[in-house]
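S.K.: I would like to see how this sequence folds:
(2 chains)
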Amino acid sequence: MKRLCLSSLLLASVSLLHAQAPAAKATKVTHAAVKAAVPSGTIGTLDGGEWTTYNGDYTGRRYSPLTKLTPLNVKNLQLAWTMRITANTGGAKRISATPLSINGVLYFTVPSHAWAVDARTGKQLWQFDWPSKGGEVIGNRGGAVKGDTFYFETEDCNLVALDIKTGKEKWHSSIGNPDQFYFGSVAPVIVGNHVMVGMSGDDFDIPGYIEAHDATTGAREWRFYTHPEPGTPEAKTWPNDEAMTHGGGMTWVAGTYDPELNLYYFGTGNAQPVIAGSKRPGDNLFTGTICAINPDTGKLVWYFQPNPHDTHDWDAVQTPVLIDGIIDGKPRKLLVQASRNGWYFLIDRTNGKVIKSTPFSWQNWTLGVKDNGQPIVNPEKQAKPNGVIAMPAQGGAANWFPPSYSPKTGLFYVLASDSASIYYLFDTSDKPEGWAGNDRFGMQKNYVRALDYRTGKTKWEHLWPSSGARSGILTTASNLLITGDTTSNLVAFNAATGQILWHAGLGGPVTNGPITFELDGLQYVVAAAGDTLYSFVLR
Amino acid sequence: MGLLPLGIMLTASAQFPRSITTPAAVDHGAKIWAKDCASCHGADAKGTATAPDMIRSTMVLHDRRENLHGKELAPYLKTMAPHHFNYSANDASDLSEFLSAQVNKILRSGYNDKPQGLTSGDLEAGKAYFNGAGGCTKCHSVTGDLAGVAKRYSAATLQQKIVFPQGGLGKKAPIEVTVKQPSGKSTTGTLVAMDDFTVTMKHQDGSVESLNIIPGSKVTVKNPYEEHEALVHRLTDDDMHNLTTYLDTLQ
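M.R.: Next comes the predicted model:
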């Protein structure tokens, strides 16, 4: 109790430090007022007490305004129900989807399957099984809802639209060619009447893209390939068009959106061939890049490349989180990314100019930073036939697991992995294709790391006693941080101090991003571990 | 972007639907390829200046994924200039399997999946590092625990174990853990698992015990790999290659 009292004092002091954070009492009043004005199913906000998109809202912060659950009472959080899925296909062992919570119903997916579940009881309302023609089943990060339609991607490259009441298919639309090793895994994002669709696949030398479909008809509206147009200055970051148009850059993770700027932000994946970079000298735009596009046209507005000339499968796809912050005393529209390559980037999201770039984890692959904030690649740390020690390891300092930002604490939270491994080049031929190399086992130390969003410096961190799994992070306006540990626990921290307040053993690692929502005045927390959803409630 | 491995880090597993090929069919297909196709499309099917890369051919990729065994390739090769090859169903199937095998080879890890040139470092420099700057002799001896180590491990495994003995498969050194409870009771064993809330240890009699970590508990872990975890920050790639070259002589 004494520790809790101390932490609540700390919370108060931290909140005073941040001009944009309203006092706790004001938050409650504001929330209640806003909540009444937010109809169920409203996309792009968490103010309705629901969870209506992959990241909860458009900002990617995974910061809920709900305050019933607090650092003081989280110890009373209790199991409401569990729900184990039954599907006999390859991807059904692990729910990596962030569920949506709309009007008392949870919607979530695994590769080629979708469910609607009563959020109060955990009872299944419907299950939809897509007759897949085969594809990679590494995971499916979830669906999107607009009105009475649920959308999700299948492993064999279809966007499927379902009636949310019955789970019956309305239509499906092709989003790629699975013959070329493209596959669907990304949670779609609704922007206006567009369904924003990311694409996965890095086994083969194919170009990445993102596309928009009409939310009503499913028709494709545009496709943006993540490589420059031939002949443009950016195309000179490749040796030739053949390499460029086979150069990768998948759009693995759901993007974020600023309605005022009408810009949709997303990161792109590794260049291809993955490990062998000798035949694609240059920065290899737009792979390993944060892109801002106009969602109505698919036109690129700005880009910044955190991970030039990727030869480690590090991508730059981690959620670009939108922060409205204060820099040098002035309010700024910001975007931050804790990138898989171990670097943290603070960017002006109106124009892509970098304000800060700094490592947040072990990294040994750079020779410094360019004036534009881009790390400079050390060629000595690219894979060789006899191996090089690289940090981070291929798993990355961060990975797809969603991070969180709390405007209350001013801290950006990431499950960081300090890691190292040995990278080997296996194909030294004149035309390496595909992977052409790989890394072999190394070491990792896994942390919850809380970074000052302005400096990227660690304010607090928690080293998990064992290395292992990572999951997504949720924060709340009452200064809670909820995430999975490396073994099998769902853990609640004080977001301001890093003190552990509560945990529950789930029998396996948390495999998705936890969510919170309110029903009948009760606040719930839902997380997945393997094939089971666990729902907790404060009564 | 790869799936994040749990626990120990291993090379990321394949993340693609792998087509099934049979060696005999692939071998026969390779002969057909060498006779009819390689002069233009290259021996490895990756194309030449005069003919395209067949590994990237959408028709070949479709044939592979759908396991068509040449059903669509054969009519194409029969009618389309400049090919005009009239393959039997069996020959078309074997050619299809050869091409599928060529595609499979590039996925994930490249042709051989084997490090090369691991013993091309400076043996004397490796020996000097082992006995000096590396600090290896604090725990190891080339006539003791490392005698004949190169007989037990390939150079590739040896290098991995030099840098990351705590990773990968195989036997690991036991990690001693002690939990001192607020009552003053102290329990020591070999670490089985640990998180922020419990410690599971194994005792010499084979029994396994779990202890709660409660306020006032003190957990102490003797990490046998501590020196190696520190070394990874000092070790240059040259040091690593020199050490591998040196230790590989301990036959």
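S.K.: which sections of the chain are below the confidence cut-off?
M.R.: Picked chain A for this. Residue ranges of chain A with pLDDT under 70: A:1-36.
S.K.: ah, no, chain B please
M.R.: Applying pLDDT under 70 to chain B flags residues B:1-18, B:109-112.
S.K.: now for the longest helix seen in it, which elements pack on it?
M.R.: Scanning chain B for the longest helix, with DSSP state H as the assignment, gives helix B:89-106. Where contact means 3 or more C-beta pairs under 8 Å, 6 or more residues apart in numbering or on different chains; DSSP states H and E, helix B:89-106 is packed against helix B:23-36, helix B:58-65, helix B:73-79. (Glycine included, C-beta is placed from N, CA and C.)
S.K.: Could you check what's spatially nearest to residue A:483, not counting adjacent residues?
M.R.: Excluding its sequence neighbours, the residue lying closest to residue A:483 (C-beta to C-beta, 6 or more residues apart in numbering or on different chains) is residue A:473, at 4.6 Å.
S.K.: got the contact list for that neighbour?
M.R.: Residues in contact with residue A:473 (C-beta atoms under 8 Å, 6 or more residues apart in numbering or on different chains) are A:62, A:401-404, A:413-415, A:448, A:481-483, A:513-514.
S.K.: can you tell me if stretch A:388-402 touches chain B.
M.R.: Yes - using C-beta under 8 Å from any C-beta of the partner chain, stretch A:388-402 reaches chain B at A:388-389, A:393-396, A:399-401.
S.K.: Let me know the closest of those residues to residue A:434.
M.R.: Taking C-beta to C-beta as the measure, residue A:434 sits nearest to residue A:394 out of the residues of stretch A:388-402 next to chain B, at 15.2 Å.
S.K.: sorry, back to before: can you tell me which of the contacts of residue A:473 lies closest to residue A:363?
M.R.: Nearest to residue A:363 among those, with distances taken as C-beta to C-beta, is residue A:414, at 13.9 Å.
S.K.: Any figure for the gap between the nearest residue to residue A:462 once chain neighbours are set aside and residue A:478?
M.R.: Excluding its sequence neighbours, the residue lying closest to residue A:462 (C-beta to C-beta, 6+ apart) is residue A:448, at 4.5 Å. According to C-beta to C-beta, to the nearest Å, residue A:448 and residue A:478 sit 18 Å apart.
S.K.: Could you do residue A:345 as well?
M.R.: Noted for residue A:345: a distance of 29 Å to residue A:478, by C-beta to C-beta.
S.K.: quick one, what contacts the closest residue to chain B within the stretch 251-400 of chain A?
M.R.: Closest contact between the stretch 251-400 of chain A and chain B, by C-beta to the nearest C-beta, is at residue A:385 (3.9 Å). By C-beta under 8 Å, 6+ apart, the residues touching residue A:385 are A:424-426, A:428, B:115-117.
S.K.: Out of the residues you listed, which end up buried?
M.R.: With neighbours counted by 16 or more other C-beta atoms under 10 Å in any protein chain shown, those contain buried members at A:424-426, A:428, B:115-116.
S.K.: In strands only, show me these.
M.R.: A:424-425 (DSSP state E).
S.K.: Let me know the closest of the buried ones among the contacts of residue A:385 to residue A:306.
M.R.: Nearest to residue A:306, judged by C-beta to C-beta, of the buried ones among the contacts of residue A:385 is residue A:425 at 23.2 Å.
S.K.: quick one: contacts for that closest one?
M.R.: Going by C-beta under 8 Å, 6+ apart, residue A:425 touches A:275-276, A:382-385, A:436-437, B:110.
S.K.: 10 Å - rerun?
M.R.: By C-beta atoms under 10 Å, 6 or more residues apart in numbering or on different chains, residue A:425 lies in contact with A:275-278, A:311, A:382-388, A:432, A:436-438, B:110, B:115-116.
S.K.: And it, how far from residue A:273?
M.R.: Distance of residue A:425 to residue A:273, computed by C-beta to C-beta: 10 Å.
S.K.: picking that back up, can you put the helices and strands packed on helix B:89-106 in JSON lines and add distance to chain A and mean neighbour count?
M.R.: Output for the helices and strands packed on helix B:89-106, formatted as JSON lines (distance: least, C-beta to the nearest C-beta, whole Å; neighbours: other C-beta atoms under 10 Å in any protein chain shown):
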{"stretch": "helix B:23-36", "distance to chain A": "17", "mean neighbour count": "16"}
{"stretch": "helix B:58-65", "distance to chain A": "4", "mean neighbour count": "20"}
{"stretch": "helix B:73-79", "distance to chain A": "13", "mean neighbour count": "16"}
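S.K.: Mind putting the residues of stretch A:388-402 next to chain B into JSON lines with distance to residue A:535 and neighbour count?
M.R.: Output for the residues of stretch A:388-402 next to chain B, formatted as JSON lines (distance: C-beta to C-beta, whole Å; neighbours: other C-beta atoms under 10 Å in any protein chain shown):
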{"residue": "A:388", "distance to residue A:535": "46", "neighbour count": "22"}
{"residue": "A:389", "distance to residue A:535": "44", "neighbour count": "22"}
{"residue": "A:393", "distance to residue A:535": "34", "neighbour count": "30"}
{"residue": "A:394", "distance to residue A:535": "34", "neighbour count": "27"}
{"residue": "A:395", "distance to residue A:535": "29", "neighbour count": "25"}
{"residue": "A:396", "distance to residue A:535": "30", "neighbour count": "29"}
{"residue": "A:399", "distance to residue A:535": "25", "neighbour count": "23"}
{"residue": "A:400", "distance to residue A:535": "23", "neighbour count": "25"}
{"residue": "A:401", "distance to residue A:535": "20", "neighbour count": "24"}
